[in-house]
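Visitor: Model the following, please.
(one chain, ligands or ions: 2)
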Amino acid sequence: MALYVQKYGGTSVGSLERIAAVAERVKLTRAQGHDVVVVVSAMSGETNRLLGMAQQLDPDATRREVDVLISTGEQVTIALLAIALNQCGCPAVSMTGDQVRIHTDSAHGKARITHIDTEPVRAQLAAGKVVVIAGFQGRDEHNAITTLGRGGSDTTAVAVAAAIGADECQIFTDVDGVYTTDPRIEPKARRLSTITFEEMLEMASLGAKVLQIRSVEFAGKYRVPLRVLSSFADGEGTLITYGGERMEAPLVSGIAFNRNEASLTILGVPDRPTVAAQILGPISDANIDVDMIVQNTLGDGSADFTFTVNRDDFRRARALLESTATELGASCVQGNESIAKVSIVGVGMWNHPGVARTMFRVLGEHGINMQLISTSEIKISVVVDEKYLELAVRSLHDAFALDREPQEQPMGG
Ligand code: ASP
Ligand code: MG
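Guide: Ligands and ions are numbered 1, 2, ... in the order given. Got it, this is the predicted structure:
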């Protein structure tokens, strides 16, 4: 007998029929003798609808009240699922984040879980109930409701699984696992039966939207056995694994991409220490995340400095950079809002320089110019013109034979 945390996302609880189907699945797990804690999202579209209403009244509504509002989406689904479970003869009880006592900091809209009291949940499990917990929400020390950021129900599920020591945290979603790349771009994309935690973290932060990044970080910290699978079809899904060498580690496991990028370049800044800090200081003070950074020394005492930001932050970042440019006497600021980042990810690539060569050759053969490159032990990211994104993803998927099982893939080079 095992203890499972099962998380169902917005599309999986998107209608009463879907909620009834989830109840059947939970009941089945119970019938196999396991204990189950369920974490649910709001019905699909609901969080956006609620946010839209707040926006209409006041675009600058206080974040405390926005959290009170948007946390109601999940309160609806816990009640409906608990009703459906009880109705089909599977005793269940719903709990809000506050009732569980999921404690968070006070960063409304992107709060972090600080700790979870496990007693209320354990007591209900001991009484033979399925516990249905509202994802995405908690409470802070001032007794205010907080939310964890978009996609935050994943993090609730992983955090609850860690707190109660679940045997597995199962994330049920509308795809049947983690794919080599987004099947909407490359129909030959293949489901991975396993992916290492490090690879999953890269895939999530590089734009593969299967899991909220924070949930992956949380899973890694507490080594929560985590599986992504479909609520619409049966299957094994994808298991996230920790440590341990994989016998057949492929060089490249997947391709991630992100369209929501923009780059900024400041040309002709003085080439001396502290300039980089001067350029990025105002950007980070404004809470703008910077991703890739490249500096070119020109040899005449000046340098060019390029970095990338989220496209949503582009205008703000550009304005800040322009005033820095004036202060530093730089020649000009250039921006590009139509770039995309494409990354190959794989724990097997760290000691294979041939992987980079293959990537660059393939892009070159397709006439795709790389504007920026950055690497880590397990990934290589390049920035390309947005219009080449699909072509880049498909040709790399082909070149690394990702449509085939690892043992059939060529060694690259
Ligand atoms: N309902 C929230 C959202 O739409 C949280 C979640 O679904 O995980 O972002
Ligand atoms: Mg989600």
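
Visitor: what's the neighbour count on the residue of the chain found nearest ligand 2?
Guide: Scanning the chain for the residue nearest ligand 2 gives Gly151, at 4.2 Å (criterion: Cβ to the ion). Bear in mind the C-beta positions are built from the backbone N, C-alpha and C, glycine included. Number of residues near Gly151 (other Cβ atoms under 10 Å) recorded here: 21.

Visitor: Am I right that it is in contact with Gln212?
Guide: Yes. Counting by Cβ atoms under 8 Å, Gln212 is a contact partner of Gly151 at 3.7 Å.

Visitor: Could you find the closest non-adjacent residue to Val66?
Guide: Ala54 (5.2 Å; Cβ to Cβ, 6 or more residues apart in numbering).

Visitor: Now the host helix or strand of that neighbour: average pLDDT?
Guide: Using DSSP states H and E, Ala54 sits within helix 46-57. For helix 46-57, mean pLDDT is 97.

Visitor: Does ligand 1 have contacts with that helix?
Guide: Yes. Remark: helix 46-57 sits within contact range of ligand 1 at Thr47, by Cβ under 6 Å from any ligand atom.

Visitor: Correct me if wrong: Met53 contacts Ile70.
Guide: No. With contact defined as Cβ under 8 Å, Met53 does not count as touching Ile70 (9.7 Å).

Visitor: of these two, who's got more company?
Guide: Ile70 (24 against 11).

Visitor: just checking, that one touches Arg49?
Guide: No. Here Ile70 lies out of contact with Arg49, judged by Cβ under 8 Å, at a distance of 9.5 Å.

Visitor: any weak-confidence spans in the stretch 201-350 of the chain?
Guide: Applying pLDDT under 70 to the stretch 201-350 of the chain flags residues 244-248.

Visitor: What residues does it have near ligand 1?
Guide: Residues of the stretch 201-350 of the chain that fall close to ligand 1, judged by Cβ under 6 Å from any ligand atom: none.

Visitor: mind running it again at 8 Å?
Guide: Gln212 (Cβ under 8 Å from any ligand atom).

Visitor: what about the helices in the stretch 201-350 of the chain?
Guide: 213-222, 275-285, 314-328 (DSSP state H, counting those that start in this stretch).

Visitor: Could you export those helices to TSV, including columns for mean neighbour count and distance to ligand 2?
Guide: Output for those, formatted as TSV (neighbours: other Cβ atoms under 10 Å; distance: least, Cβ to the ion, whole Å):
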stretch	mean neighbour count	distance to ligand 2
helix 213-222	20	9
helix 275-285	15	28
helix 314-328	16	25
